[in-house]
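J.: sharing a model that was predicted from the sequence below.
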Amino acid sequence: MKNDNIARLLISCPDRPGIVSAVSSFLYSHGVNITELAQHSTDPEGGDFFMRLEFQTPYMDVSASTLEKAFDEVVAERFGMNWRISYAKPRKKTAILVSKFDHALYELLWLWKRGKLQTDISMVISNHDDLRAPVEAFGIPFHHVPVDPANKEASEERIVELLEGNADLVVLARYMQILSGELVSRYPRRIINIHHSFLPAFAGADPYRQAHDKGVKVIGATAHYVVEELDAGPIIEQDVARVTHRHSVEDLKDLGRDLERQVLARAVKWHLEDRILLYGNRTIVFK
Ligand SMILES: Nc1nc2c(c(=O)[nH]1)N[C@@H](CN(C=O)c1ccc(C(=O)N[C@@H](CCC(=O)O)C(=O)O)cc1)CN2
């Protein structure tokens, strides 16, 4: 089945019997075929319920807007659901922000080129001009937006202007500038950052040196949604690698780059496939 005819229904609500039956019966009654279903209950005795359904739409007997209106009236109100439906078309647009480190950016561009990311990369924005040539070689617009520490507002105004209408998702691929609350608030739970440590350890700048100074035996990488507070957003994906006293800070950075690019790529892929639900400051990932 072409991806174009796939839609995804994401649900969260108080847990109680009958939810899966009511949702699947509703979709069946409108000629929809469910091709993937995952659910999670936080407490079988009556916690919160989360579900992700993927379904085919070619034989749907009503329009998308009619289906959504009916679902809200017939099912969602009955169970007190928070829900949304995401459609494959139009494809989500992704903008990538980068500084000088290229490894996380290259991983995303390579996956995208191979058709492994369900998105159109609309642009790359950087506070340095170093990566213009490789980005433009992929046929992607590159925008150099220098950051003046004395006037960070000016660069953010330009970034906001570039992103407007061109980004459903913003990815910070080792972008080394702290975003203002104003910019972050424009993209709630739609900015993903890769932090080069196993959060919550070693938040902030230079985490590998922090880790080395502590004599850690593992290093890590964390992909998370961005909130105004630095490195404090909901964690999406993490990974670690073992290290020893023989590793220098530069060795840790070398090992960390592989973790960072793979962790960010998984997080971006899962977001684009609508596999991530939020539960307070935590995520539930139906991977
Ligand atoms: N509002 C947020 N902005 C950003 C976040 C975030 O979680 N919330 N993550 C960072 C990425 N990051 C660590 O992963 C990070 C980037 C930059 C800094 C920092 O201290 N930057 C200095 C400037 C450094 C330079 O010019 O080279 C600063 O902005 O003053 C710490 C952590 C991305 N943005």
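T.: Nice, thanks for sending it over. None of the values given here were measured: they were computed from a predicted structure. Residues are numbered from 1 along each chain as shown.
J.: can you get me a residue count around the nearest residue to Arg242 once chain neighbours are set aside?
T.: Counting by CB to CB, 6 or more residues apart in numbering, Arg242 lies nearest to Val218, which is 5.5 Å off, once chain neighbours are set aside. C-beta coordinates here come from the backbone N, C-alpha and C atoms, glycine included. Here the neighbour count serves as a burial measure; for Val218 (other CB atoms under 10 Å) it reads 11.
J.: specify the local secondary structure of Ile96.
T.: Reducing the assignment to helix, strand or coil with DSSP: H, G, I helix; E, B strand; the rest coil, the entry for Ile96 is strand.
J.: make 52 the first number, not 1, from now on.
T.: Noted, 52 is the first residue going forward, which turns the last one into Ile147.
J.: where do the strands of the chain begin and end?
T.: Per DSSP state E, the chain carries strands over the ranges 57-65, 84-92, 99-107, 133-138, 144-149, 171-177, 193-195, 220-223, 242-246, 269-276, 286-293, 327-330, 333-336.
J.: elements contacting the longest helix seen in the chain?
T.: Among the segments of the chain that qualify as a helix by DSSP state H, the longest is helix 300-323. For helix 300-323, the contact count by 3 or more CB pairs under 8 Å, 6 or more residues apart in numbering; DSSP states H and E identifies helix 154-164, strand 220-223, strand 242-246, helix 258-265, strand 269-276, strand 286-293 as packing neighbours.
J.: would you turn those into JSON lines with mean pLDDT and distance to the ligand?
T.: Formatted as JSON lines, the entries for these read as follows, by pLDDT from 0 to 100; distance: least, CB to the nearest ligand atom, whole Å:
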{"stretch": "helix 154-164", "mean pLDDT": "98", "distance to the ligand": "11"}
{"stretch": "strand 220-223", "mean pLDDT": "98", "distance to the ligand": "5"}
{"stretch": "strand 242-246", "mean pLDDT": "98", "distance to the ligand": "4"}
{"stretch": "helix 258-265", "mean pLDDT": "98", "distance to the ligand": "8"}
{"stretch": "strand 269-276", "mean pLDDT": "98", "distance to the ligand": "7"}
{"stretch": "strand 286-293", "mean pLDDT": "98", "distance to the ligand": "11"}
